[in-house]
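> The following comprises the amino acid sequence and a computationally predicted model.
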Amino acid sequence: MTDELWVCHLPATAYRDALDLQERVRAARQDERIPDTLLLLEHPPVYTRGRRSDPTELTMGEAWYREQGIDIVDTNRGGRVTYHGPGQLVGYPIMRIADVIAYLRTMERAIVAALADAGISARARPDEGPDFTGVWAGERKIASIGVHVSRGVTTHGFAINVDNDLAPFGWVVACGLTGVQMTSVLQETGGGGGTPLLATVRDEMAARFAQAFERRPVVVDLDRVTIAAAAAPAA
């Protein structure tokens, strides 16, 4: 398959709709109809629970969260409960991989590099257990990662706190880590510049992700992705 990485900037998308899109894109990648693809987007407020989540991580009870306008969705990704909301950059790489651990570590390095471009010194913590997967600015978590692999192709991915509300993380046991402190690009840098912060981080992350995986980024629109995903497999 080509060394291209399709990069698709989506509008704000409901989490359940994004799940459906990922599965359709993954099927196209499994059938070699498209190259590796990176979907970049935001979600309306939602808590997602990974395969290792425990019901006690939603400390207020599901009804309370729904009253706050936050959806709750169980997923097949790794990891525990996390929050997505407006102002957070979410990336869903649909990629053919051979080694899950190497994939996670490469994704962490890409995020660290993108945050360095934004003026933030960040690091991964791979030796401290699976709950520490992701990227940290000091002792504060700034990016989360959780993936699923089927027939060698990934779904789910990463979420970088850019200028989103961090309060909802404090209403749950985020990432399965009691008392974890979350941070964001805005909180670490104070913002700055005339370009919207999320757009800046999005572009930096797309470039660093492609570089880390030795792919050539090609920006495509959603129509191109969905048409490819809807096409019949080659005979």
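Arrived safely, thanks for sending.

> and the top strand by length along the chain, what does it pack onto?
Scanning the chain for the strand with the most residues, using DSSP state E, yields strand 140-150. Other elements packing on strand 140-150 under the criterion 3 or more CB pairs under 8 Å, 6 or more residues apart in numbering; DSSP states H and E are helix 100-117, strand 135-137, strand 153-161. To be clear about C-beta, it is placed using only N, CA and C from the backbone, and glycine gets the same treatment.

> contacting residues for the most centrally placed residue in the chain?
In the chain, the residue lying closest to the centroid (CA atoms, centre = their mean) is F158, at 2.2 Å. Counting by CB atoms under 8 Å, 6 or more residues apart in numbering, F158 touches 90-91, 107, 111, 134, 143-145.

> what's the answer for D221, then?
Contacts for D221 were tallied using CB under 8 Å, 6+ apart; they are C8.

> repeat for T133
Residues near T133 by CB under 8 Å, 6+ apart: 78-79, 104, 108, 124, 126, 144-146.

> Please point out which parts of the worst-scoring helix or strand of the chain on mean pLDDT sit buried.
Least confident element among the helices and strands of the chain, by mean pLDDT, DSSP states H and E: helix 222-230 (a mean of 86). Using 16 or more other CB atoms under 10 Å as the test for burial, helix 222-230 gives 225, 228-229.

> try stretch 147-162
Buried residues in stretch 147-162, counted by 16+ other CB under 10 Å: 147-149, 153-162.

> Now do the longest strand of the chain and strand 153-161, the angle between them.
Here strand 140-150 points in a direction 170 degrees away from that of strand 153-161 (axes from the mean of the first three to the mean of the last three CA atoms, to 10 degrees).

> Where does pLDDT dip in this structure?
Within the chain, the segments meeting pLDDT under 70 span 1-2, 192-195, 232-235.

> Strands of that one, start to end?
With strands called from DSSP E, the chain shows them at 4-9, 36-41, 46-49, 71-74, 82-84, 88-94, 135-137, 140-150, 153-161, 216-220.

> Adding distance to L186, write those strands out as JSON lines.
Converted to JSON lines, those look like this (distance: least, CB to CB, whole Å):
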{"stretch": "strand 4-9", "distance to L186": "20"}
{"stretch": "strand 36-41", "distance to L186": "18"}
{"stretch": "strand 46-49", "distance to L186": "20"}
{"stretch": "strand 71-74", "distance to L186": "24"}
{"stretch": "strand 82-84", "distance to L186": "16"}
{"stretch": "strand 88-94", "distance to L186": "11"}
{"stretch": "strand 135-137", "distance to L186": "12"}
{"stretch": "strand 140-150", "distance to L186": "11"}
{"stretch": "strand 153-161", "distance to L186": "8"}
{"stretch": "strand 216-220", "distance to L186": "25"}
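
> With F169 as the reference, name the closest of the ones you listed.
Of all the strands of the chain, the one in closest proximity to F169, counting by CB to CB, is strand 82-84 (5.3 Å).

> partners of that closest one, with directions?
strand 46-49 (antiparallel) (DSSP bridges).

> Show me the contact partners of the strand it pairs with.
Contacts made with strand 46-49 from outside it, assessed by CB under 8 Å, 6+ apart, are listed as 15, 57-58, 65, 70-75, 77, 80-85, 168, 172.
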